[in-house]
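Colleague: Sequence first, then the predicted structure:
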2 protein chains.
Amino acid sequence: MARRPTIIDVARLAGVSKSTAARAMSDSAEVNDATREKVRKAALAAGYERNHLAVGMRSGRSGLFGLVIPDIANPFWAEVARGAQDLVAAHDASLLVFSSDWDHEREASHLRALRQARVEGAIVNPVSDSVDEFGRFGLPFVLIGSSAERFPDTPSIGSDIRQAVRLGLDHLEQMGHRSPALILGPKSRLARARFLRSVHEHCLERDIDPASLSVESADYTVEGGFSAMQRLLEQQRDAHLTVFCANDLMALGAMMAARVAGRECPRDVSVLGFDGVPAGAFSWPGLTTIEKPARELGRRAAEALFDHLAGRALDGRTYLPCRLIERGSLADLRVVTPLRIAGGGRT
Amino acid sequence: MARRPTIIDVARLAGVSKSTAARAMSDSAEVNDATREKVRKAALAAGYERNHLAVGMRSGRSGLFGLVIPDIANPFWAEVARGAQDLVAAHDASLLVFSSDWDHEREASHLRALRQARVEGAIVNPVSDSVDEFGRFGLPFVLIGSSAERFPDTPSIGSDIRQAVRLGLDHLEQMGHRSPALILGPKSRLARARFLRSVHEHCLERDIDPASLSVESADYTVEGGFSAMQRLLEQQRDAHLTVFCANDLMALGAMMAARVAGRECPRDVSVLGFDGVPAGAFSWPGLTTIEKPARELGRRAAEALFDHLAGRALDGRTYLPCRLIERGSLADLRVVTPLRIAGGGRT
DNA sequence: GGCACTTCCGGTAACGTTCCCGGCAGCTCG
DNA sequence: CGAGCTGCCGGGAACGTTACCGGAAGTGCC
């Protein structure tokens, strides 16, 4: 295979200097239209393609961006990645994707790789809520996810957990569920605190004692949701049990636990999820859940990064609203109560 | 922010020439151990990090690799990406990920981006089975997926559809299902032909007329599987209906169609999927399916690429075996038949 | 002691691009 | 008509690294 043609080859072919050729290729105004056309033709004929390595080296702009997320194989993060990727590609740049697996070591190593590749900026979901190494990260970056709260002075994008929780609780209330049990994430995670705080706010407004709510902790996995639900089911054997889970995987696990316990959903048990993963659409009954705008999250993070780089003002933290997806995992407890109140007024 | 330290800064700090410093940093044998240590210390003190852009420019090895798949948000491809990523990261390199959305234009543009970034090689799932532009791709690459068959002279990795189909058919037979209906992908796709051919082989060996099998076509989506199943259900109203779907999404759609038609799975209807997406584990009943080794596919593709680059011999196309995952979507038709044959011999 | 050989190191030239500076026309204007 | 200005272009330096070459010590051997 022959050597890849360089700008010098193009210049020679077009009969101009390499400076002029470079100017022509980079849409500079300081070149005559006729000359530009001539160079373009020569470039096409030679099969010339700009060497981004050299460009990055000289100009400092590598055209590379980084994304560090916990796991690209996780549907939620894959969706985020897709959003970021789309926007980066629209800017004629490329995205380096890394999975940290919630591991500090790995995250550090990936960040190092990003720096060495001289990416122009990065989007990161920090594995821990309490990182200090980010101060000397040495790169423009945008945080994504709820742990971003620890870094108030760097731009960050997340979903609006407060709005989401209230959305779920309001919907639950409308359906006749007053005080759902909660299956939350591990105590160490910041997202859990935010979730719980929002629940409390909501309860206080409605004169419900937050302490009356059953709370179980799990680890965001299906198995965790399964056993948390088992504990809940034991506590409450007879009445209708409603649970609000902090993510869909645990909700799916909770539904499975109900099934093996012989409790039918939504007849005996109601489950509300949080995330909006595709799998929720295929469970039976379909999982009613609150969807985080994952792809939009990725897009906006990338946008924020570009804005940041361009020196445009940034409004710090941005929270994106979530959306309720009604499927079939919630019982409609209204149909009995209103009828009783109405006293058989209709039919 | 101060200028990033270069190898020259390190050399000055260590009191050696930049050549020596570079040698020390790149584990060259041509440097004294004591000197190497001295340079290492200086590098650490200066906070030096190799500039991969410059390295790539000079040495021709950018440390960058490309991955072009249809959609990173698709769980199957996300898993593939994860596998590739892990292996690339293990080689201290980075992976550029692109989604083509089954669009020629986009694919071409991504490949161009890859060339301009001077990636050392790429893993590609070509959007079309009939591409000609790949001849002048101008980069070392490995194909992934079944469409790779069109390019016999380039290394490729795929799942062993033949083995998978026979695995499914054998299992079906063991469970008492003789001639399942088929829901396949669009006629244009090569994978469909491969699937069908394997079914025929299997039938012929068992003296089943392949023409007796009902075949429906869909587009690999849930909706497609849903309506294909509806057609099948109309054809066959009474007897137990068994369908073998060419992917899990269609299988999930088929299960939903059965449910809305009032047919219970697995009592009235049996569904066998193909892919092994996570969602299949949460449906009810759980989807029995044949799992493609997605992550392994990605790993092996990356491995093949590295081998290829290192000039190691490559055995052309590699097919990875698939695995049966038994969940609950298949009726066990054995329990009745053997009893009848036995003629009430037991109880 | 001279010679070959090894070990280690320094200087210089690339790699392909962009940036800066200077120059040469042609034009305008006092 | 000369000064200044504008539009366009060429030449060279620089970006940070590695490849290559040559040379200075040190070692072993006759």
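Modeller: Yes, it's here.

Colleague: domain ranges for chain A?
Modeller: For chain A, whose domains are defined here by automatic domain parsing, the residue ranges read A:7-50, A:64-159+A:295-322, A:161-292+A:324-331.

Colleague: Please state the offset of the last one from the chain centre?
Modeller: By that I understand domain A:161-292+A:324-331. Its chain's average C-alpha position is 20 Å from that of domain A:161-292+A:324-331, according to CA atoms, centre = their mean, to the nearest Å.

Colleague: same thing with stretch A:70-82?
Modeller: Chain-centre distance of stretch A:70-82: 8 Å, with CA atoms, centre = their mean.

Colleague: Now it: buried residues?
Modeller: The neighbour-count check on stretch A:70-82 (16 or more other CB atoms under 10 Å in any protein chain shown) flags A:70, A:72-82 as buried. No exception for glycine: its C-beta is placed from N, CA and C like everyone else's.

Colleague: I'd like the mean pLDDT over it, please.
Modeller: Averaging pLDDT along stretch A:70-82 gives 94.

Colleague: Format the domains of chain A as JSON lines; extra columns: distance to DNA strand D.
Modeller: Output for the domains of chain A, formatted as JSON lines (distance: least, CB to the nearest atom of the strand, whole Å):
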{"stretch": "domain A:7-50", "distance to DNA strand D": "3"}
{"stretch": "domain A:64-159+A:295-322", "distance to DNA strand D": "9"}
{"stretch": "domain A:161-292+A:324-331", "distance to DNA strand D": "37"}
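
Colleague: So for DNA strand C, which of those sits nearest?
Modeller: domain A:7-50 (3.1 Å; CB to the nearest atom of the strand).

Colleague: ok so, going back, looking at the domains of chain A, which has the lowest confidence?
Modeller: Note on the domains of chain A: lowest mean pLDDT is at domain A:64-159+A:295-322, with a mean of 89.

Colleague: what about stretch A:81-93 and DNA strand C, any contact?
Modeller: No - under the criterion of CB under 7 Å from any atom of the strand, DNA strand C is not reached by stretch A:81-93; the shortest gap measures 12.4 Å.

Colleague: Is that stretch in proximity to chain B?
Modeller: Yes - using CB under 8 Å from any CB of the partner chain, stretch A:81-93 comes into contact with chain B via A:81-82, A:85-86, A:89, A:92.

Colleague: Do a quick rundown of the helices in the stretch 201-347 of chain A.
Modeller: A:222-235, A:248-260, A:294-309, A:337-342 (DSSP state H, counting those that start in this stretch).

Colleague: the inter-axis angle of the second one versus helix A:222-235?
Modeller: For helix A:248-260 against helix A:222-235, the angle by axes from the mean of the first three to the mean of the last three CA atoms, to 10 degrees is 50 degrees.

Colleague: For helix A:248-260, which helices and strands make contact with it?
Modeller: If contacts are counted by 3 or more CB pairs under 8 Å, 6 or more residues apart in numbering or on different chains; DSSP states H and E, helix A:248-260 sits against strand A:181-184, helix A:222-235, strand A:241-245, strand A:269-275.

Colleague: Burial check on residue A:176, number of neighbours?
Modeller: Residue A:176 is flanked by 18 other residues according to other CB atoms under 10 Å in any protein chain shown.

Colleague: doesn't residue A:333 make contact with it?
Modeller: Yes - Residue A:176 sits in contact with residue A:333 when judged by CB atoms under 8 Å, with a separation of 2.9 Å.

Colleague: is stretch A:24-41 anywhere near DNA strand C?
Modeller: Yes - residues of stretch A:24-41 contacting DNA strand C under CB under 7 Å from any atom of the strand: A:25-26.

Colleague: Tell me which residues of that stretch come out buried.
Modeller: Applying 16+ other CB under 10 Å to stretch A:24-41 flags A:24-25, A:31, A:35-36, A:38-40 as buried.

Colleague: what do you get for stretch A:160-173?
Modeller: Buried-residue list, stretch A:160-173, by 16+ other CB under 10 Å: A:160-162, A:164-169, A:171-172.

Colleague: so how far is that stretch from its chain's centroid?
Modeller: The answer for stretch A:160-173 is 18 Å, by CA atoms, centre = their mean.

Colleague: Can I get that stretch in CSV? Just the C-alpha atoms.
Modeller: Only the C-alpha atoms of stretch A:160-173 are listed here, as CSV (Å, rounded to 0.1, in the frame of the first residue of the first chain):
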residue,chain,number,x,y,z
ASP,A,160,-34.4,16.0,37.9
ILE,A,161,-34.9,13.4,40.7
ARG,A,162,-37.0,15.8,42.7
GLN,A,163,-39.4,16.3,39.9
ALA,A,164,-39.4,12.6,39.0
VAL,A,165,-40.2,11.5,42.6
ARG,A,166,-43.0,14.0,42.9
LEU,A,167,-44.3,12.9,39.5
GLY,A,168,-44.4,9.3,40.7
LEU,A,169,-45.9,10.1,44.0
ASP,A,170,-48.6,12.3,42.5
HIS,A,171,-49.5,9.6,40.0
LEU,A,172,-49.6,7.0,42.8
GLU,A,173,-51.8,9.2,44.8
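
Colleague: Out of the buried residues of stretch A:24-41, which is nearest to residue A:223?
Modeller: residue A:25 (55.9 Å; CB to CB).

Colleague: Out of the buried residues of stretch A:24-41, list just those in helices.
Modeller: Applying DSSP state H to these, the entries found in helices are A:24-25, A:35-36, A:38-40.

Colleague: export those to a markdown table and tack on distance to residue B:148?
Modeller: Shown next, in a markdown table, are these (distance: CB to CB, whole Å):
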| residue | distance to residue B:148 |
| --- | --- |
| A:24 | 39 |
| A:25 | 35 |
| A:35 | 44 |
| A:36 | 41 |
| A:38 | 41 |
| A:39 | 38 |
| A:40 | 35 |
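
Colleague: out of those residues, who's nearest chain B?
Modeller: Lowest distance from chain B to these (CB to the nearest CB) belongs to residue A:25, with 11.8 Å.

Colleague: Just confirm that closest one contacts residue A:43, I think it does.
Modeller: Yes - with contacts counted by CB under 8 Å, residue A:25 reaches residue A:43, the gap being 6.5 Å.

Colleague: sorry, back to before: can you redo the buried residues of stretch A:160-173 as a markdown table with distance to chain B and secondary structure?
Modeller: What follows is the buried residues of stretch A:160-173, written out as a markdown table (distance: CB to the nearest CB, whole Å; DSSP: H, G, I helix; E, B strand; the rest coil):
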| residue | distance to chain B | secondary structure |
| --- | --- | --- |
| A:160 | 22 | coil |
| A:161 | 23 | helix |
| A:162 | 27 | helix |
| A:164 | 21 | helix |
| A:165 | 23 | helix |
| A:166 | 27 | helix |
| A:167 | 23 | helix |
| A:168 | 20 | helix |
| A:169 | 25 | helix |
| A:171 | 22 | helix |
| A:172 | 22 | helix |
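
Colleague: Serialize these to CSV and add fields for distance to residue B:324.
Modeller: Shown next, in CSV, are the buried residues of stretch A:160-173 (distance: CB to CB, whole Å):
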residue, distance to residue B:324
A:160, 43
A:161, 41
A:162, 45
A:164, 39
A:165, 41
A:166, 45
A:167, 41
A:168, 38
A:169, 43
A:171, 40
A:172, 40
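
Colleague: how many neighbours does the closest residue to residue A:164 other than its chain neighbours have?
Modeller: The shortest distance from residue A:164 to any non-neighbouring residue, by CB to CB, 6 or more residues apart in numbering or on different chains, is to residue A:322 (3.9 Å). Residue crowding around residue A:322 was assessed by other CB under 10 Å; the count is 23.
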